[in-house]
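**Q** from the sequence below, what's the structure:
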Amino acid sequence: MDVLWFRLPRLTTDPAGLVGRFSRSSLMGAIDRGEYFQLAVVIKKGSIDVLRERGIELFRQRLHDGLPWLGIESSCWNHLTT
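**A** Take a look at the predicted model:
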């Protein structure tokens, strides 16, 4: 397994504290760091190139499916690029 770590801005309407998503198809978490979330997304070992080939929009959708309160239309998505 590999873990992708990154940050996204935290909105005042977002949940506080540690938030996780554990399902059959995903494992991700968001750590509240005050003004931003530190996010972790677990991916299959060595699959980062495949993820990049599929494009950022698919990755954004994956995040939204796992943590829907992030808001797929939010301006914070501008921070997440390949």
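
**Q** give me the helix or strand of this protein that scores worst on average pLDDT.
**A** Here the helix or strand of the chain ranked lowest by mean pLDDT, DSSP states H and E is strand 18-22, holding a mean of 79.

**Q** tell me which other helices or strands the very next helix or strand once past that one touches.
**A** Using DSSP states H and E, the helix or strand that follows strand 18-22 in sequence is strand 27-32. Secondary-structure packing of strand 27-32 (3 or more CB pairs under 8 Å, 6 or more residues apart in numbering; DSSP states H and E): strand 18-22, strand 36-43. Bear in mind the C-beta positions are built from the backbone N, C-alpha and C, glycine included.

**Q** and the contacts of the following helix or strand past the last one?
**A** This points to strand 36-43. Per DSSP H and E, the first helix or strand lying C-terminal to strand 36-43 is helix 48-54. Contacts of helix 48-54 with the rest of the structure, by CB atoms under 8 Å, 6 or more residues apart in numbering, involve 2, 4, 43, 59, 82.
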